[in-house]
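Colleague: Could you look at this predicted model? Sequence included:
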Amino acid sequence: MGILRSDRIKFRELADRLRDKIDSGDLNPGELIPSEPELQAEYEVSRVTVRSAVSLLVSEGLLRKERGRNRGTMVLARDENSSKTRKGSGFGILLGSNSLYSDRSDLPDIINGITGRLNFWEANLNMFPVLRGVDQFEYTKSIISRNIVDGLFLCDLGSHAVNEAVTGYLSGIKIPWVTMSSTLGGRVVSHRHPEVFINELEAVGKLLADIGGIHQEIVFLGFDGVELERTFALFGSHREASGFKLGKRMFEPGTDIFPELLNFLGNGEADGRLLIIASHNVLPLFNSAVNHLGIEVPNRFSVVYFRHYSTDYENAINRYDSIERDFLELGRKAADMMREIVRTKEAGGDLLGVQPVSLANFLRQRGSVAKGLFFEGDKVS
């Protein structure tokens, strides 16, 4: 009997078993595979599982549904299916809740960067938003169980600690994954993981070096929230920042900050300092305040706005310096990394070698699932 392990996604394991039989010659080109009832009986699975496994192999070009007298599912010859074999046509991207804000314009660039690459491989991309309060691990399991997914991009889901259950699960069921971060955010990157990110530290270092002889104090302007704190942490983490005094001017979200900006800029408090516009929606109000007061910016203070998103207010682009992030390239890098991992899998390579997971943390977070995927008895599978 070919009973499948109950802790694996059954249709994927059944597809793996049938694929192995095709590769080994147990199922030859032109032959019909066992019927649905026969596969149900042999592997003790439901009809839904059998049909999902067969559909996956059909989509890969390994099998073909036959009609008429030879009704059934036939194994295709290699020369028949070579042109049909997918290069990975069922990719998905999990989008953290922070990626879904309506005023974020970086997401289209990230998606375009990925799909631009996938189009060359005749592959598609499905988006799976992770809403606030949703268990990311359970949500990922439901996606894999209901969709044919050859690889998952994990975009801005959070820290590695948050991702470890998700990435551990995907590695356990041999699904390629790549984590994506639209910002480095001052945190330490683990180079053991397949991850792409926008490394802003280089741009920050260049800015700090350029202003070293001009300013001694940097003030970050923004609404009290993640953008301000992330930008402050990013600058503070750079070794060049030790020569500067760093301060914040936080505004309460949802309030009219225009009078505050007029007071801050008009009373000389900003003079001689480098102002970093850390919250993108402060920029138009700041620009209006500068216009209202008739301030010549380079003469009294310097301004750099942090381009968190791919588009910003046109009237500020040529007026102030900016630190920009190439979201299109972020998507391209993620797709290229995913392609290499998929190639490793197609060549029979060890996925854990290219996308390692912390088994200790995975066991601590999701013990029964981790044991079922990675351990048999006392041995690591």
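Modeller: All right, it came through fine.
Colleague: so what's residue 27 closest to, chain neighbours aside?
Modeller: Spatially, and ignoring its direct neighbours in sequence, residue 27 is nearest to residue 21 (4.5 Å; CB to CB, 6 or more residues apart in numbering). In this view, the C-beta of every residue, glycine as well, is placed from N, C-alpha and C.
Colleague: Need the contact partners of the helix or strand containing that neighbour.
Modeller: If you go by DSSP states H and E, residue 21 is part of helix 10-24. Residues outside helix 10-24 that contact it (CB atoms under 8 Å, 6 or more residues apart in numbering): 2, 4-5, 27, 33, 39, 43, 45, 48-50, 52-54, 56-57, 60, 62, 75, 144, 173.
Colleague: which among these end up buried?
Modeller: Buried members of the contacts of helix 10-24, scored by 16 or more other CB atoms under 10 Å, are 4, 27, 33, 39, 43, 45, 49-50, 52-54, 56-57, 60, 62, 75, 144.
Colleague: Show me which positions of the longest helix along the chain end up buried.
Modeller: Secondary structure of the chain per DSSP state H: the longest helix is helix 327-346. Buried residues in helix 327-346, defined by neighbour count with 16+ other CB under 10 Å: 327-328, 330-335, 337-339, 341-342, 344-345.
Colleague: Stretch 25-36 now?
Modeller: Buried positions in stretch 25-36, judged by neighbour count with 16+ other CB under 10 Å: 27, 33-34.
Colleague: Closest to residue 134 out of those residues?
Modeller: residue 33 (38.0 Å; CB to CB).
Colleague: Pull the contacting residues for residue 94.
Modeller: 128, 130, 136, 139-140, 143, 152-155, 157, 166.
Colleague: In helices, which of these appear?
Modeller: Here DSSP H is the test, and the contacts of residue 94 give 136, 139-140, 143, 166 as lying in helices.
Colleague: Got phi/psi on residue 133?
Modeller: Note on residue 133: its backbone torsions stand at phi 90, psi -10 [degrees, to the nearest 10].
Colleague: pLDDT below threshold where in the stretch 201-350 of the chain?
Modeller: 212, 307-318 (pLDDT under 70).
Colleague: Helices of that one, residue ranges please.
Modeller: Ranges of helices in the stretch 201-350 of the chain, per DSSP state H, counting those that start in this stretch, are 201-211, 226-236, 258-266, 283-293, 297-300, 314-317, 327-346.
Colleague: Nearest to residue 122, out of those?
Modeller: Set against residue 122 and scored by CB to CB, the helices of the stretch 201-350 of the chain come closest in helix 327-346, at 12.5 Å.
Colleague: what packs against that closest one?
Modeller: helix 106-118, strand 151-155, strand 177-181, strand 195-197, helix 351-354 (3 or more CB pairs under 8 Å, 6 or more residues apart in numbering; DSSP states H and E).
Colleague: how distant is the helix holding residue 21 from the center of its chain?
Modeller: The chain centroid and the centroid of helix 10-24 are separated by 29 Å under CA atoms, centre = their mean, to the nearest Å.
Colleague: ditto for stretch 208-224
Modeller: The chain centroid and the centroid of stretch 208-224 are separated by 31 Å, computed with CA atoms, centre = their mean.
Colleague: Would you mark the buried spots in it?
Modeller: For stretch 208-224, by 16+ other CB under 10 Å, it's 208, 211, 215, 218-223.
Colleague: Straight-line length of that stretch, end to end?
Modeller: 24 Å (CA to CA, to the nearest Å).
Colleague: Name the residues that touch that stretch?
Modeller: Contacts with stretch 208-224, where a contact means CB under 8 Å, 6+ apart, come from 228, 231-232, 235, 238, 240-241, 243-253, 257, 270, 272-279, 281-282, 286, 302.
Colleague: Can you say which of these are buried?
Modeller: Among these, those classed as buried by 16+ other CB under 10 Å are 228, 231-232, 235, 238, 240-241, 244, 248-251, 257, 270, 273-279, 282, 286, 302.
Colleague: From residue 32, how far out is the residue sitting nearest the centre point of the chain?
Modeller: In the chain, the residue lying closest to the centroid (CA atoms, centre = their mean) is residue 155, at 2.4 Å. Distance, residue 155 to residue 32, by CB to CB, to the nearest Å: 42 Å.
Colleague: And residue 18, by the same measure?
Modeller: For residue 18, the distance to residue 32 (CB to CB) stands at 12 Å.
Colleague: Residue 304 reaches residue 275, doesn't it?
Modeller: Yes: Residue 304 is in contact with residue 275 according to CB atoms under 8 Å; the separation is 7.4 Å.
Colleague: Give the bridge partners for the closest residue to residue 244 other than its chain neighbours, please.
Modeller: Spatial nearest neighbour of residue 244, excluding adjacent residues (CB to CB, 6+ apart): residue 218 at 5.3 Å. Beta-bridge pairing for residue 218 (DSSP bridges): residue 246, residue 274.
Colleague: rewinding a little: for residue 262, find the nearest of the helices and strands packed on helix 327-346.
Modeller: Of the helices and strands packed on helix 327-346, nearest to residue 262 by CB to CB is helix 106-118, at 30.4 Å.
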